[in-house]
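Undergrad: pasting a predicted model and its sequence here:
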Amino acid sequence: MKPSLFALAAFATLASAAPVAAHHSHAMYDASGEIQIQGAIKEVRWANPHVWLYIYVANPDGTTKVWALEGAAIGQLQRKGWTGDMLKVGSNIKISCYPLRSGGPGCLGGYVLALDGQDLPATHERHPGREFD
């Protein structure tokens, strides 16, 4: 009996030391439909666990609002061909993304449709543009 209790205790200790693969929910985004936003890049945060873009987007009344776009991790984006120097402050960008359910100025990932006036190649049939999530 004692060896099996020891084995169980050793297993429990090792299992609790293993890294946890947790992630937060994306429930705050409306994945039922994409929207398109465009504007000038205000800031790029090329960092893990998510790359963030902040974009000046023009409102219908002529004012601008800064939108926050949550992207994937650096490694995921690099595997899709992105590099940190591709997104520069002041560059014009057009994105198809999943908006916040609250209606606030934010989006989840999506697809970069154009960067500095250049249309980007399609990534797959359903979505045009280059994946950013």
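TA: Structure's in. What do you need?
Undergrad: which residues touch Ala114?
TA: 38, 92-94, 120, 129 (CB atoms under 8 Å, 6 or more residues apart in numbering). Every C-beta, even on glycine, is put in place using the N, C-alpha and C of the backbone.
Undergrad: how about a cut-off of 6 Å?
TA: Applying CB atoms under 6 Å, 6 or more residues apart in numbering, we find Ala114 in contact with Lys94.
Undergrad: same question, Glu131
TA: Glu131 touches 80, 111, 123, counting by CB under 6 Å, 6+ apart.
Undergrad: equivalent analysis for Pro128, please.
TA: Ala122.
Undergrad: repeat the analysis, applying 8 Å as the threshold.
TA: 96, 111, 113, 122.
Undergrad: again, but for His127
TA: 34, 96, 110-111.
Undergrad: against Lys65, how distant is it?
TA: 25 Å (CB to CB, to the nearest Å).
Undergrad: next: Lys42.
TA: Taken as CB to CB, the span from Lys42 to Lys65 is 11 Å.
Undergrad: mutual contacts of these two, please.
TA: What both Lys42 and Lys65 touch, as defined by CB under 8 Å, 6+ apart, is the set Tyr56.
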